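A.B. asks: model this:
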Amino acid sequence: MHACIVLVAPDVIVADLMELGRSVDELPRILCELLENTTPADYVGTRPPQRSYETVISGCELYAFRARSKIIGCTVYYKFTVKENILWLVSLHRDRPGKKGKQYGKEKNKLSGRSRGNETYP
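C.D. replies: Coordinates of the predicted model:
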């Protein structure tokens, strides 16, 4: 079985990857590294987990983590959910230490008013 990754806000995630000096082609490898090396202690989301208000994943629990990526070379923040065996990536960017808890829960794209389109990566 192949894992499937869908970007909830592709324009935002691609821009954040570019800011990190990475391309979207590297995303599966980056996520694999993060998911394999993240521990429960790296969880920075709310308890209970926040629920998404995005239409495609509405009501799904969102899991937010802060972890060091050797591939990227810095600490990153990433947030996702899993629905129907698909990993829906909501955020992936350099950690912004000044923000905590619910502030992380605000999805950039919703605030900026940019249009949304989902992109899928095998």
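A.B. asks: Which neighbours in the sheet does the strand or helix carrying residue 79 have, and how are they oriented?
C.D. replies: Using DSSP states H and E, residue 79 maps to strand 74-83. Paired strands of strand 74-83, with direction, are strand 63-69 (antiparallel), strand 86-94 (antiparallel) (DSSP bridges).
A.B. asks: got the buried residues for it?
C.D. replies: Residues of strand 74-83 classed as buried by neighbour count (16 or more other C-beta atoms under 10 Å): 76-81, 83. Heads up, the C-betas are built off the backbone N, CA and C, glycines and all.
A.B. asks: Check stretch 16-35 too.
C.D. replies: In terms of neighbour count (16+ other C-beta under 10 Å), stretch 16-35 has its buried residues at 16-17, 20, 22, 27-28, 30-31, 33-34.
A.B. asks: before we move on, the earlier item: let me know the closest of the buried residues of strand 74-83 to residue 49.
C.D. replies: Proximity of those to residue 49 (C-beta to C-beta) peaks at residue 81, which lies at 8.6 Å.
A.B. asks: Cool, thanks, signing off.
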